[in-house]
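Kindly return the folded structure for what I paste below:
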Amino acid sequence: MVSVFVVIVFVSLTFLEASAARSSTNPSSHTFLSSTPLHTTPYRALYEETYSSPSASYTVLTSPSGGTTRAVTCLIWNTALREFSLVTELYPSARSSCLGTAAGLVDPGEAPPDAAVREAGEECGLGADVRCYQSGEARVMDKYVRSDITPFLVVHSAPKRACPGGRDVEEEGMDVVYLTYEELMKRKGGMSVVGEWAVDQGLDLWREMGLGE
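The predicted structure follows:
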C-alpha cells in the first residue's frame, strides 16, 4: 500500500509540474501590460513591451513590420560597355564596406519603377535608352529601415562610365563598382543580403531577356 501511495503522489506532483510549465509557456497565459516607445522616425519605431506570465514579468523589444515604407533596389546593366554597375557602401559600425546594389526609398506619390530609375541615376549614373523592368516581387527586408523592397533590372546604354574614378561624389561613403558578368559571379557571395537577393532576381530576368548574348 505504501508503495502504491508513493507512486500516486509522485505521478500527481509530476502532473502538476508539467501543468505549471505548460502554463508558463502558453502564450494565452501571458498578459500584455504596457508599451513604451524607445525610438521613432518617419520610417521606423522601436518599442519596449512589458508582459506578465504565471512565473514572472518580462520585457521584449518590438518593431512594427514593414508595409508603409516602400523601397527599391536595382541591378544596372550597361549594354554598350557590357558591364554591371554596383556600389560599395561603408558600414561605420562594422568598420568595413560591403558590395551591394543601388537602392533607396520611394518618395511619396512616386511609382516604384520611377524610383528605381532615379536611384540608379543618382548613385551610379545612367546613359541613354533607359529601360526599367521589375525583376521580382516585393519583400519585407531590412536595409537602412524595414521596408517593402521591390527589385528592378535597369538597362541603359552609355559609351563611357558615369563615374570613371569609381567614386559617386553625391553619395558620401559610397563607391561605384563596374563588373562584368564573370566578375560579378565571383564576388556575389560577399554581397549584402539585400544586394545578393537583388542580383539574383535581376540576373534571372537578364538571362531570360538574353541581354548577355
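
Where do the helices of the chain begin and end?
Secondary structure of the chain, counting by DSSP state H: helices at 2-25, 112-123, 181-187, 193-208.

and for the last one, what are the contacting residues?
Think helix 193-208. Contacting residues not belonging to helix 193-208 are listed as 73-75, 77, 86, 98-101, 103, 133, 135-136, 139, 141-143, 149, 151-153, 184, 188-189, 191, 212 [C-beta atoms under 8 Å, 6 or more residues apart in numbering]. Where C-beta positions appear, they are placed from N, C-alpha and C, glycine not excepted.

re the thing from before, mean pLDDT for the helices of the chain: which is lowest?
Mean pLDDT values for these show the minimum at helix 2-25, a mean of 42.

and the residue nearest to G136 when sequence neighbours are not counted, how far is that from E48?
The spatially closest residue to G136, leaving aside those adjacent along the chain, is Q201, at 3.7 Å (C-beta to C-beta, 6 or more residues apart in numbering). Separation of Q201 from E48 (C-beta to C-beta, to the nearest Å): 36 Å.

Between those two, point out the one with more neighbours.
Q201 (23 against 14; other C-beta atoms under 10 Å).

wait, Q134 sits on P112?
Yes: with contact defined as C-beta atoms under 8 Å, Q134 counts as touching P112 (7.5 Å).

Which residues are in contact with each of those two?
With C-beta under 8 Å, 6+ apart as the test, Q134 and P112 both reach 150, 152.

Dump stretch 202-213 to PDB, restricted to CA.
C-alpha atoms of stretch 202-213 as PDB (Å, rounded to 0.1, in the frame of the first residue of the first chain):
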ATOM      1  CA  GLY A 202      18.000  40.800 -61.800                       C
ATOM      2  CA  LEU A 203      20.200  38.100 -63.300                       C
ATOM      3  CA  ASP A 204      17.300  35.700 -63.800                       C
ATOM      4  CA  LEU A 205      15.500  38.400 -65.900                       C
ATOM      5  CA  TRP A 206      18.800  39.400 -67.600                       C
ATOM      6  CA  ARG A 207      19.300  35.900 -68.700                       C
ATOM      7  CA  GLU A 208      15.700  35.400 -69.800                       C
ATOM      8  CA  MET A 209      15.900  38.600 -71.900                       C
ATOM      9  CA  GLY A 210      19.200  37.400 -73.500                       C
ATOM     10  CA  LEU A 211      21.000  40.600 -72.600                       C
ATOM     11  CA  GLY A 212      24.300  38.800 -72.100                       C
ATOM     12  CA  GLU A 213      24.300  37.200 -75.500                       C
END
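
mind listing what's buried in it?
Residues of stretch 202-213 classed as buried: 202-203, 205-206 (neighbour count, 16 or more other C-beta atoms under 10 Å).

beta partners of M174?
Judged by DSSP bridges, the bridge partners of M174 are E89.

P37 now?
For P37, the beta-bridge partners under DSSP bridges are Y47.

quick one: it from T88, how far?
Counting by C-beta to C-beta - P37 and T88 are separated by 34 Å.

got the buried residues for the longest strand seen in the chain?
Ranked by number of residues, the top strand in the chain under DSSP state E is strand 146-157. Neighbour counts using 16+ other C-beta under 10 Å place 146-156 of strand 146-157 among the buried residues.
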